[in-house]
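Asks: Using only what follows, build the 3D model:
(2 chains)
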Amino acid sequence: MNVALSRRGAWLLRSFFAVVVVFLYAPIAILVVFSFNDSALPSFPLSGFTLHWYHQFLVNADLRSALETSALVAAISSIGAVLLGVLASIALVRRSFRLKSPVSALLLSPLVIPYVVFGISLLLFFHAVGIPRSVLTVVIGHIVISLPYTVLVLMPRLQQIDVSLDEAAYDLGASRLRAFRSVTLPLLLPAVVSAYLIAFTTSFDEYAVASFVVGTRSTFPIFLYSALRFPNQLPQVIAVAVVVIAVSLVVVIGAEVGRRMVERRLT
Amino acid sequence: MGVETRADTPPAPQRRRRPRLDLTTPTLLGPPLAWLAVFFVVPIAIVGAYSVNALSFDPGPHAVTLSAWHSFLHSSIYLKLFWKSVQMSLLVSTAVVLLAYPLAYFLALSGTKRKYVLLLLLIAPFLTSYLLRVLAWKVILGNEGVINSFLVWTGLRSPDHPLSQLLYSRFAVMLVLGYIWLPFVALPIFVTLESLDRRLFEAATDLGASRWQTFRRVTLPLSLPGVVAAFLFVFIPTLGEFVTPSLVGGASGYMYGNQIVDLFGTGFPDWQTGSVLALFLLGVVALLTIVFSRFLNSREVTAA
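Replies: Predicted coordinates:
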């Protein structure tokens, strides 16, 4: 007997769960439907099937350049965030030092800072220092935002890896760096990949902070935001939305399944 | 043991030589802390400098003054707007936590075999683009959008009288924010419920408690840290929200975050007042985080 739920209770909760899932996916489904609708306005009745909007966004040069910029920003900033995240998590998990809890609080604090506050802070900082806004300034901001996510992904995995493996490596004459490279890093790799993917998607989707520090080259969210203000671009944007959501769902689910498979093999 | 064998074999000098770069604690902590100091702590300090006019947008000499702080704390407009944002965020976070609790309870305790698949199903929308989910609601709620055109098409409503309050309203902002955060909120509650010792329920049942009593006296109090964490995970980001209100909020959905952005915008920039507003928001959020993380720590739960 299940002591937490009666059979009727379980049935009720299951139905509720199903309703919520429908609520969560219905707007996305509506986007998919209207991305194929042959009308400049996304409204009922549906007026026929078309691939026109998909074709239009494929030839839209502004959109393509925005996607490229975002891919570049995301690729670079997530490398930075993962590198810093690996260093920080090893220190937090493997080393003992004074002021550990304020240090870890500082490392995680970008998680809770309101992005509007961080955005204007960076804006004022770059203004005061005299650095012009550009792709680089967005990268700098995104590394700060993504860093705590990478730490949160890497730390639990590091805790699972047995320290005595490293100690064995020291006994065999390896330096700490060598032990890390040949022992810890291979075991940590699945988490490094997940951390990279999370940092990448965070950066790729980030609008709030980027809106303050972006230069003349728009990132994809900046492009999207301005396109949302022009109704005649709406059907095209919907088509892009469908493609991006589909890709991100595939990446997210694929990454999760992959990580589970690899970690099961390693442990 | 290892030492003995090493003593027998002749030392291999190349291997023994310590490389210059080694993973000591300062090498490990230096880069991430330096990065955060330069690009996170210093920028916030600069906002502080602007808020007291130590730095200024206007060139020329300027004296340090607390006048912007003073007029902020005595202004009814900004504080009223802040209070309005607090109310909106409170409502959204409460609603979302109440909706997410049964979902998490079902996943953690119903004994379903596919709980991780279902959890992923629930969370996946959170991991897709934020702006695109806002876009979806813009398409749905607009005057000529999906709901209104559907109502007209089916004859339930005349085309001259669409449900105009759907989009560009406080309601639209809260609906969209709730939609965006709901999947994520289930996660911390699920983690807490999942980690509860099942024997506690059995003990309660053995002592004659009904399922409802068990829930109210055992499960709910024990899952409270997860609930508080979940609440905070929504409340903090929605309090400073400006993207969703600027897209679906119109005038009545205007939030405190929008005010901050506008003070730094191209219209009538006032960096000093804007910095005060930003720091005030940061202070409130920091205070909430510290108070609640104390609470969570005292419960000895790391549900984050």
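Asks: domains for the chain, by residue range?
Replies: With no chain named, the answer covers chain A. Chain A breaks down into these domains under automatic domain parsing: A:8-50, A:60-266.
Asks: Not quite, go with chain B.
Replies: Partitioning chain B according to automatic domain parsing yields domains covering residues B:24-65, B:72-298.
Asks: What's the local residue count around the residue of the stretch 51-200 of chain A found nearest chain B?
Replies: Closest to chain B within the stretch 51-200 of chain A is residue A:114: 2.8 Å, counting by CB to the nearest CB. No exception for glycine: its C-beta is placed from N, CA and C like everyone else's. When neighbours are defined as other CB atoms under 10 Å in any protein chain shown, residue A:114 has 24 of them.
Asks: Residue A:105 too?
Replies: 14.
Asks: cool, residue A:49 as well?
Replies: Residue A:49, neighbours per other CB under 10 Å, totals 9.
Asks: what about it, distance to chain B?
Replies: Distance of residue A:49 to chain B, computed by CB to the nearest CB, to the nearest Å: 18 Å.
Asks: same thing with residue A:262?
Replies: Distance from residue A:262 to chain B, by CB to the nearest CB: 16 Å.
Asks: And residue A:49, its phi and psi?
Replies: phi -90, psi 140 (degrees, to the nearest 10).
Asks: right, and it touches residue A:35 too?
Replies: No: counting by CB atoms under 8 Å, residue A:49 stays clear of residue A:35, with 10.6 Å between them.
Asks: which ones are touching residue B:238?
Replies: By CB atoms under 8 Å, 6 or more residues apart in numbering or on different chains, the contact list for residue B:238 reads B:88-89, B:92-93, B:177, B:181.
Asks: Inside helices: which ones of those residues?
Replies: Among the contacts of residue B:238, DSSP state H puts B:88-89, B:92-93, B:177, B:181 in helices.
Asks: for stretch B:243-260, which positions count as buried?
Replies: B:243-250, B:253-260 (16 or more other CB atoms under 10 Å in any protein chain shown).
Asks: er, stretch B:152-172 I mean
Replies: B:152, B:157, B:162, B:166-172.
Asks: same question, stretch A:103-119
Replies: A:103-104, A:106-119.
Asks: Could you do stretch B:191-209 as well?
Replies: For stretch B:191-209, by 16+ other CB under 10 Å, it's B:191-193, B:196, B:201, B:204-205, B:209.
Asks: got it, and stretch A:225-233?
Replies: A:225, A:227-228, A:233.
Asks: what's in contact with it?
Replies: Stretch A:225-233 has contacts (CB under 8 Å, 6+ apart) with A:40-41, A:207, A:211, A:218, A:234, A:236-237, B:131, B:134-135, B:138, B:243, B:247.
Asks: Return, as residue ranges, the portions of the stretch 1-150 of chain A with sub-threshold pLDDT.
Replies: Residue ranges of the stretch 1-150 of chain A with pLDDT under 70: A:1-3, A:42-45.
Asks: what about the helices in it?
Replies: A:7-35, A:52-58, A:61-94, A:100-108, A:115-129, A:135-160 (DSSP state H, counting those that start in this stretch).
Asks: From the chain's centroid, how far away is the first one?
Replies: The reference is to helix A:7-35. What separates the centre of helix A:7-35 from the centre of its chain is 24 Å, taken as CA atoms, centre = their mean, to the nearest Å.
Asks: now the third one
Replies: Between the mean C-alpha location of helix A:61-94 and the chain-wide mean there is a distance of 9 Å, by CA atoms, centre = their mean.
Asks: Do that helix and chain B come into contact?
Replies: Yes: against chain B, helix A:61-94 shows contacts by CB under 8 Å from any CB of the partner chain at A:83-85, A:87-88, A:90-91.
Asks: for those, which one is nearest residue A:246?
Replies: residue A:85 (28.3 Å; CB to CB).
Asks: list the contacts for the closest residue to the closest one other than its chain neighbours?
Replies: Once flanking residues are discounted, residue A:85 sits nearest to residue A:150: 3.0 Å by CB to CB, 6 or more residues apart in numbering or on different chains. Residue A:150 is in contact with A:81-82, A:84-86, A:89, A:195-196, A:198-199, counting by CB under 8 Å, 6+ apart.
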